[in-house]
Structure formats: C-alpha cells, structure tokens
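Q: Quick check, what structure comes out for this input:
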Amino acid sequence: MEYTITPSDDGDYIVISAVGDMTRESAAEISVAAFKLGEHLGIRCYLNDVTRCRNVESVTENTRFTLKDIPETEPRDPDAVAAVLVDPADRSHDFYVALAKIRGIDITLFRDRDKAIRHLKAGAARLNANDKR
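A: Numbers count the residues shown, from 1 in each chain. Alright, predicted model coming up:
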C-alpha cells in the first residue's frame, strides 16, 4: 500500500490518497499520520481518496478496526469531518463507513469528488464558526 497525506491547496482539509490493498494495519497507520498532520496544521476535515484502493478486510476485521483500532488511534478529533471518495464501482469501503457512522464518526462516502469537497468545505466552515464562539 502506498499513500500520501497533504493539506489541500486552500488549507480547508487534509487529502489522503491511497493506492493498493487497504488492511486494518495500513488504515490505522494512515489514520494516525493524517490526524497528527491535521492537529499540527489546525485542520479538522479529511478527504480519504481511495479511488485506487480496495478494502480487502473481512466484515469481522472491518468491525475490529472500527470498534478497537480507531479508539486507539489517538490523537483523534471527535468533531473531525471525513469524506471517503471511492471509485463508483467499488463497494469494498461501504461496510466500514456504515459502521463508523453508527459509532458516531462524522464520515460520509462519496463517488463524486466535487460533492466530497463541498461537504468538507461546509464542515470546515461549521467547525471554524464553532471555534470562534
């Protein structure tokens, strides 16, 4: 698995681009690195571009990741907003995203990049407005 983690040009969100097979271990590694960068830069929104990446874990392993691994990947901003951008034909990330939403994570699956970015920009504006209160 290869990945890059960079801030967007406007600084509203962190872009995570992954290529290859996604496992629990690689997802945890990426998550920790992305949240550390977000914390360092004061960015609280994340675009997970997995359009060239397949989730190869079983239902059991996706459940373990959501219930066990995510809580252990501190620092984690409980108000963070995440968008998961998938290839339109890929359904391998659907179960994980559904579990994460049930767990209370603000995460949304997208098959359209522009819609994902609009969602993150709205999230960034909301978080910034709340921070100023």
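
Q: now Asp77, what's its secondary structure?
A: Under DSSP: H, G, I helix; E, B strand; the rest coil, the three-state class of Asp77 is coil.

Q: What spatial separation is found between Ile102 and Asp94?
A: The spacing between Ile102 and Asp94, counted by Cβ to Cβ, to the nearest Å, is 13 Å. Backbone N, C-alpha and C define where each C-beta goes, glycine included.

Q: can you give me how far stretch 20-32 is from the chain middle?
A: Here the centre of stretch 20-32 is set off from its chain's centre by 11 Å, with Cα atoms, centre = their mean, to the nearest Å.

Q: Grab the CA positions of it and hand them over as CSV.
A: Below are the C-alpha coordinates for stretch 20-32, written out as CSV (Å, rounded to 0.1, in the frame of the first residue of the first chain):
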residue,chain,number,x,y,z
GLY,A,20,-3.3,-0.7,-3.3
ASP,A,21,-5.0,-3.0,-0.9
MET,A,22,-6.3,-1.4,2.4
THR,A,23,-5.9,-3.5,5.5
ARG,A,24,-6.6,-2.8,9.2
GLU,A,25,-2.9,-2.1,9.8
SER,A,26,-2.5,0.2,6.8
ALA,A,27,-5.7,2.1,7.6
ALA,A,28,-4.6,2.6,11.3
GLU,A,29,-1.1,3.8,10.1
ILE,A,30,-2.7,6.3,7.7
SER,A,31,-5.2,7.5,10.2
VAL,A,32,-2.6,8.2,12.9
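
Q: what sits up against it?
A: Stretch 20-32 is contacted from outside by 1-3, 5, 16, 18, 50, 52-57, 61-62, 64-65, 69-70, 72-73, 92-93, using Cβ atoms under 8 Å, 6 or more residues apart in numbering.

Q: Can you flag the buried ones in these?
A: For those, a burial check counting by 16 or more other Cβ atoms under 10 Å picks out 3, 5, 16, 18, 50, 53-55, 57, 61-62, 65, 69-70, 73, 92-93.
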